[in-house]
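In: fold the following, please.
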Amino acid sequence: MNLNATLIAQLVVFFILAWFTMKFVWPPIVKALDERANKIADGLAAADKAKADLALAEKKVVEELRKARESAGDVRASAEKQASQLVDEARAEAARIIAAAREAAEAEAGVAAQRAKEALRDQVANLAVAGAEKILRREINAQVHGELLANLKQELQ
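Out: Residues are numbered from 1 along each chain as shown. Next up, the predicted model:
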């Protein structure tokens, strides 16, 4: 066995194997590795985009919550204002009702006082007639002396 021929044969086989590997085996492996690297890069980019979208969504949620709180505050203020207006209107209506009732009571009291005065005048006239009758010791006819009694009532007013 010749050492040189074996070495040369092994070198030829090695170079043929290296050429075959570089020509047919290595490109699909490199292609698979590149595809895998691209998929990983795309996944990382998608994750970064998802984080950015999540942060944006959280900002939008915070903004919507702030708007909702402001809106709730406006609605609350409007409701309080409307309630205050209703209370003021109810107070004004109650004041009008009380004033009307007071006026009606005063008018009724005035009418009752006038009736009482009329009744007192009639009683005074009757007492005067009775007193005059006792004084004169004779009966005075109210129908005959109606004009006299009317004059007496006028004088008492």
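
In: for the chain, which helix is longest?
Out: Longest helix in the chain, counting residues (DSSP state H): helix 26-136.

In: what mean pLDDT does it get?
Out: Across helix 26-136, pLDDT averages out at 90.

In: could you name the helices and strands sitting against it?
Out: In this structure, helix 26-136 makes packing contacts with helix 146-156, judged by 3 or more CB pairs under 8 Å, 6 or more residues apart in numbering; DSSP states H and E. Heads up, the C-betas are built off the backbone N, CA and C, glycines and all.

In: quick one: the helix it packs on to helix 26-136, angle?
Out: Angle, helix 146-156 to helix 26-136, by axes from the mean of the first three to the mean of the last three CA atoms, to 10 degrees: 120 degrees.

In: and helix 146-156, what does it pack against?
Out: Under the contact criterion of 3+ CB pairs under 8 Å, 6+ apart, helix 146-156 touches helix 26-136.

In: tell me how far the helix it packs on lies from the chain's centre.
Out: 6 Å (CA atoms, centre = their mean, to the nearest Å).

In: cool, and stretch 20-33?
Out: Relative to its parent chain, stretch 20-33 has a centroid offset of 73 Å by CA atoms, centre = their mean.

In: kindly export it (C-alpha atoms) in PDB.
Out: Coordinates of each C-alpha in stretch 20-33 appear next as PDB, following Å, rounded to 0.1, in the frame of the first residue of the first chain:
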ATOM      1  CA  PHE A  20     -21.200  17.700  -3.400                       C
ATOM      2  CA  THR A  21     -22.100  19.000   0.000                       C
ATOM      3  CA  MET A  22     -21.600  22.600  -1.000                       C
ATOM      4  CA  LYS A  23     -23.500  22.200  -4.200                       C
ATOM      5  CA  PHE A  24     -26.500  20.000  -3.100                       C
ATOM      6  CA  VAL A  25     -26.600  19.600   0.700                       C
ATOM      7  CA  TRP A  26     -25.500  23.000   2.000                       C
ATOM      8  CA  PRO A  27     -27.900  25.300   0.000                       C
ATOM      9  CA  PRO A  28     -31.200  23.700   1.400                       C
ATOM     10  CA  ILE A  29     -29.700  23.800   4.900                       C
ATOM     11  CA  VAL A  30     -28.800  27.500   4.500                       C
ATOM     12  CA  LYS A  31     -32.100  28.200   3.000                       C
ATOM     13  CA  ALA A  32     -33.900  26.400   5.900                       C
ATOM     14  CA  LEU A  33     -31.800  28.400   8.400                       C
END
